[in-house]
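A.B. asks: quick one: sequence and predicted model below, then my questions.
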Amino acid sequence: MKSKILFVCVENSCRSQMAEGFARKHGKDVLEAWSAGSKPSGKVNETAIVVMKENEIDLTLHRSKGSDDLPKVKWDYVVTMGCGDACPFVPSEAKEDWALPDPKKLPLDEFRKVRDEIESRVKDLIQRARKRSKI
């Protein structure tokens with residue numbers, strides 16, 4: 001059975017969208033990934049779409065969504081993206097906070113650094129999920 005993971009940030013327009021994209025690309029054999037925001041912006045950030053396309057991940061069909069748009073499932077992992085008290089509480093077996101800066105106003109090279117850090121952390125999470133699924 002695949003682990004169900006939810007990535008959460010405030011607007012669900014940059015960080016959580018990128019994390020969902022990487023999780024679906026790199027971990028589709030072990031994870032079912034979603035993302036949401038506590039105050040969804042209604043759209044995915046254009047720069048996030050561009051920098052993810054550089055990694056061959058298409059976010060053009062993604063949309064910014066809130067917790068009401070999520071399936072009613074038992075989450076194995078909930079990862080917040082440094083949104084602190086602005087992130088909603090979502091019950092899960094494991095919680096992590098990746099205190100990452102919101103890249104939306106950062107220069108392109110800094111935006112890419114946040115993207116790359118997200119990819120690295122998602123890959124680590126995927127490895128842990130693989131080990132967990134073998135238990």
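C.D. replies: Thanks, I have it. Numbers count the residues shown, from 1 in each chain.
A.B. asks: next SSE downstream of the lowest-mean-pLDDT helix or strand in the chain?
C.D. replies: Here the helix or strand of the chain ranked lowest by mean pLDDT, DSSP states H and E is strand 92-97, holding a mean of 90. Next along the chain after strand 92-97, taking DSSP states H and E as the criterion, comes helix 108-133.
A.B. asks: mind checking pLDDT for residue 83?
C.D. replies: In this model, residue 83 is scored at 73, pLDDT.
A.B. asks: can you pull the contacts of the residue lying closest to it once chain neighbours are set aside?
C.D. replies: Ranked by CB to CB, 6 or more residues apart in numbering and with sequence neighbours excluded, the top spatial neighbour of residue 83 is residue 10, at 4.8 Å. Any C-beta I mention is one placed from the backbone N, CA and C, and that applies to glycine too. Contact partners of residue 10, counting by CB atoms under 8 Å, 6 or more residues apart in numbering, are 37, 38, 39, 83, 86, 87, 102.
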